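>>> model this:
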Amino acid sequence: MSKAERKRALRGRAGRMKGGRGSGRAARAPVRLWGRHPVEAALKNPERQHRKLWATPEGLASLDGELPPGFPIEHAQAADLARLVPRDAPHQGLVLECAPLEDVFLDEVALGQPERPIVVLDQVTDPHNVGAILRSAAAFGAAAIVTQDRHAPPEGGVLAKAASGALETVPWVRVVNLARALEELAEAGYWRIGLAGEAEAVLAEILPGGPVALVLGAEGEGLRPNIAAHCDVLARLPISAAIESLNVSNAAAIALYALATRG
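Below is the predicted model:
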């Protein structure tokens with residue numbers, strides 16, 4: 001199958017809904033971000049549409065670079081910003097309201113740079129974990145993360161803070177059907193490796209040389225049977241018997257490191 005044929009095959013199943021929407025997100029409500037790294041990364045992202053920045057003098061001074069003329073800024077005190085974010089959120093003197101990022105489709109990442117892994121998350125719903133996985137994905141050169149839209153956290157300040165700017169640089173593909181997305185990745189030539197603590201194979205021993213989709217399940221529950229069945233192989237990390245399992249974001253970081261350093 002040619003690249004053009006594979007691209008056509010990827011369109012329309014897992015990655016799009018009726019009406020052409022790719023993510024399944026029901027709303028396009030404004031997103032509120034806080035903290036220096038998330039806000040600075042969003043301000044530097046040309047794909048972001050910014051609406052308003054609330055900032056203390058110290059917060060503005062901490063930003064790298066200057067804002068364009070006429071940028072909507074409201075100067076505020078720290079107490080004012082605390083009312084704009086969840087309680088005890090570390091805003092660091094900066095709160096930005098912006099539009100959500102535009103949808104990214106599976107074919108756009110699967111056929112772009114196949115030498116870079118894709119991270120597939122099965123019902124990982126904690127925004128701290130997804131944010132940390134985005135950060136590791138950026139650190140180790142992953143092409144994208146893929147989640148099922150109904151079982152993933154929304155784009156927002158908690159996730160962006162955990163991602164430390166990576167929300168703006170790592171494409172996030174939201175699909176309606178995760179099993180179909182894995183089928184499409186297989187059609188695009190990806191070897192689908194599911195991480196599972198009960199697997200016999202050790203990750204480092206089964207890493208292929210070609211494109212890889214790394215599939216991780218929710219902490220505690222792990223991969224759902226249908227998602228595990230859509231993997232080409234299940235593998236585990238060689239952790240000590242002294243601990244039952246790793247946090248999913250830690251497991252993702254270790255697995256991405258192994259992929260980045262494979263021979």
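>>> can you tell me which residues contact Ala199?
234-236 (C-beta atoms under 8 Å, 6 or more residues apart in numbering). All C-beta spots, glycine's among them, are computed from the backbone N, C-alpha and C.
>>> The closest residue to it other than its chain neighbours and Gly194: what is the separation?
Spatially, and ignoring its direct neighbours in sequence, Ala199 is nearest to Leu234 (3.9 Å; C-beta to C-beta, 6 or more residues apart in numbering). According to C-beta to C-beta, to the nearest Å, Leu234 stands 5 Å off from Gly194.
>>> what sits in contact with each of the two?
By C-beta under 8 Å, 6+ apart, the residues touching both Leu234 and Gly194 are 223, 228.
>>> returning to what we had before: what about the residue nearest to Ala199, which SS state?
At Leu234 the chain is in strand, as set by DSSP: H, G, I helix; E, B strand; the rest coil.
>>> so what's it up against?
193-196, 198-199, 201, 223, 228.
>>> Can you tell me which of these is nearest Arg36?
The closest of the contacts of Leu234 to Arg36 turns out to be Leu195 (C-beta to C-beta; 32.5 Å).
>>> What is the burial count for the closest one?
23 (other C-beta atoms under 10 Å).
>>> repeat for Leu259
Neighbourhood size, Leu259 [other C-beta under 10 Å]: 21.
>>> That one belongs to a helix, doesn't it?
Yes - counting by three-state DSSP, one finds Leu259 located in a helix.
>>> List the residues that contact the residue lying closest to it once chain neighbours are set aside.
Distance criterion C-beta to C-beta, 6+ apart; nearest residue to Leu259, sequence neighbours excluded, is Pro117 at 5.0 Å. Counting by C-beta under 8 Å, 6+ apart, Pro117 makes contact with 140-143, 211-214, 256, 259.
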